[in-house]
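Trainee: sequence-free structure coming up:
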Ligand SMILES: Cc1cc2nc3c(=O)[nH]c(=O)nc-3n(C[C@H](O)[C@H](O)[C@H](O)COP(=O)(O)OP(=O)(O)OC[C@H]3O[C@@H](n4cnc5c(N)ncnc54)[C@H](O)[C@@H]3O)c2cc1C
């Protein structure tokens, strides 16, 4: 009997590890994912929103034209396999916050790649002014939406587990013995390679000490807003208000802090988020939940992937930052093709050189 090739082990079943598992399976690789199944992680807390036009400059997100179609196709395919749709396409109302934003928007008017993400203008007000403060002026994004990350991860975990591809536990990176042909685990088991997808915890990974981290803690509130039941669009007002069910459940967020990188919800963040809501809403809300997690961000807010420069059977996939849902699928495909077929990675993403 011809022995099966050793599997590729993925350390971490967040967005990065799960996307990589899907891609490797698609390419026919044997995969083993190991994850402790903690209830609070960056991927589980994330709002999962995809916002193609962002920021004060009202700019088209980095290569949205490339990343967005690939992300939508990836979540459609995984949902087809899992039997449940996890990516929800939702229009996003972007309300102006100052006089410069409409000017910046107007300057891009007519650029086809920008216009492709803008819904046909329907005039102000874009929101019900008896419920929202301000003039309700801005524009609607046509190509936005959100991934229900918690359920997508849970369903993906169940799918992996049912095929014997998921192990519950924590991998001790320092205990691995890599060689030219694979990696030996502490119990002697062999893997063809180990890919570290540990999120912000990878700051302590001893194999990749040169990676320059810029992680940021983020906090999100869950809300009940009965007066906004029926609102299906995401409303962006500097922060965002995300309708969960069309029945008055929302989430709002998120904050950025860089000093205490823990998962403890803080009174300061809650006050900041409620203060923002107070500037947006005329109607009352009740806070029903409060979560915090750490976004894995690497220098230049760019993901890093690829093999270790010396120990080539150890690899890395991290730094999905604030846009993991949009950027993750493309990066996971690039890394899977690199690991299986040896295709080159874009230089700026290669962990070996960065
Ligand atoms: C408040 C907040 C809001 C966000 N909102 C959005 C948003 O709207 N849109 C968006 O695109 N992104 C958003 N993000 C960012 C998004 O969460 C990240 O880009 C993405 O989830 C990172 O995924 P990851 O798999 O790299 O890390 P993680 O989600 O941290 O996953 C890493 C996994 O590895 C496991 N692990 C770690 N060490 C080990 C080990 N030694 N052995 C085994 N397992 C291990 C962990 O338990 C975890 O399950 C948000 C993040 C936060 C915190």
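Mentor: Nice, I can see it. All figures in this text were calculated on a predicted structure; none of them were measured in a lab. Numbering: from 1, shown residues only.
Trainee: Apart from its chain neighbours, what residue comes closest to residue 198?
Mentor: Of all residues not flanking residue 198 in the chain, residue 12 sits nearest, at 4.5 Å (CB to CB, 6 or more residues apart in numbering). Bear in mind the C-beta positions are built from the backbone N, C-alpha and C, glycine included.
Trainee: okay, that neighbour: pLDDT?
Mentor: With respect to pLDDT, residue 12 has a value of 98.
Trainee: Show me the helices in the stretch 201-350 of the chain, by range?
Mentor: 267-280, 324-341 (DSSP state H, counting those that start in this stretch).
Trainee: In this structure the residue nearest to residue 198 contacts residue 36, no?
Mentor: No - assessed by CB atoms under 8 Å, residue 12 is found out of contact with residue 36, at 9.3 Å.
Trainee: more crowded one of these two?
Mentor: residue 12 (26 against 12; other CB atoms under 10 Å).
Trainee: which residues touch that one?
Mentor: 33, 34, 35, 196, 197, 198, 199, 201 (CB atoms under 8 Å, 6 or more residues apart in numbering).
Trainee: Confirm the second one sits in a helix?
Mentor: No - judged by DSSP: H, G, I helix; E, B strand; the rest coil, residue 34 forms no part of a helix; its state is strand.
Trainee: who touches it in this structure?
Mentor: Here residue 34 is in contact with 9, 10, 11, 12, 13, 166, 167, 168, 169, 170, 171 (criterion: CB under 8 Å, 6+ apart).
Trainee: Excluding chain neighbours, give the residue nearest to the fifth one in space.
Mentor: Distances taken as CB to CB, 6+ apart put residue 35 closest to residue 13, at 3.6 Å, once the chain neighbours are dropped.
Trainee: Which pLDDT value belongs to that neighbour?
Mentor: 98.
Trainee: got the contact list for it?
Mentor: 11, 12, 13, 14, 17, 157, 166, 167, 168, 169.
Trainee: Emit the ChimeraX select command for whichever of the residues you listed are buried.
Mentor: Here is the ChimeraX command that selects only those of the contacts of residue 35 that count as buried (16 or more other CB atoms under 10 Å):
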select :11,12,13,14,17,157,166
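Trainee: restrict the contacts of residue 35 to those near the ligand?
Mentor: 11, 12, 13, 14, 17 (CB under 6 Å from any ligand atom).
Trainee: Would you reformat those residues as JSON lines and include secondary structure?
Mentor: Output for the ones next to the ligand among the contacts of residue 35, formatted as JSON lines (three-state DSSP):
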{"residue": "11", "secondary structure": "strand"}
{"residue": "12", "secondary structure": "coil"}
{"residue": "13", "secondary structure": "coil"}
{"residue": "14", "secondary structure": "coil"}
{"residue": "17", "secondary structure": "helix"}
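Trainee: of those, closest to residue 240?
Mentor: Taking CB to CB as the measure, residue 240 sits nearest to residue 14 out of the ones next to the ligand among the contacts of residue 35, at 21.2 Å.
Trainee: Flag every residue of the stretch 51-200 of the chain that's near the ligand.
Mentor: Counting by CB under 6 Å from any ligand atom, the stretch 51-200 of the chain sits next to the ligand at 170, 171, 197, 198, 199, 200.
Trainee: The last one in helix, strand or coil?
Mentor: Yep, that's residue 200 we're talking about. Relying on three-state DSSP, one would call residue 200 helix.
Trainee: That one against residue 261, yeah?
Mentor: Yes - in this structure, residue 200 is within contact of residue 261 by CB under 8 Å, at 6.8 Å.
Trainee: Nothing else from me, thank you.
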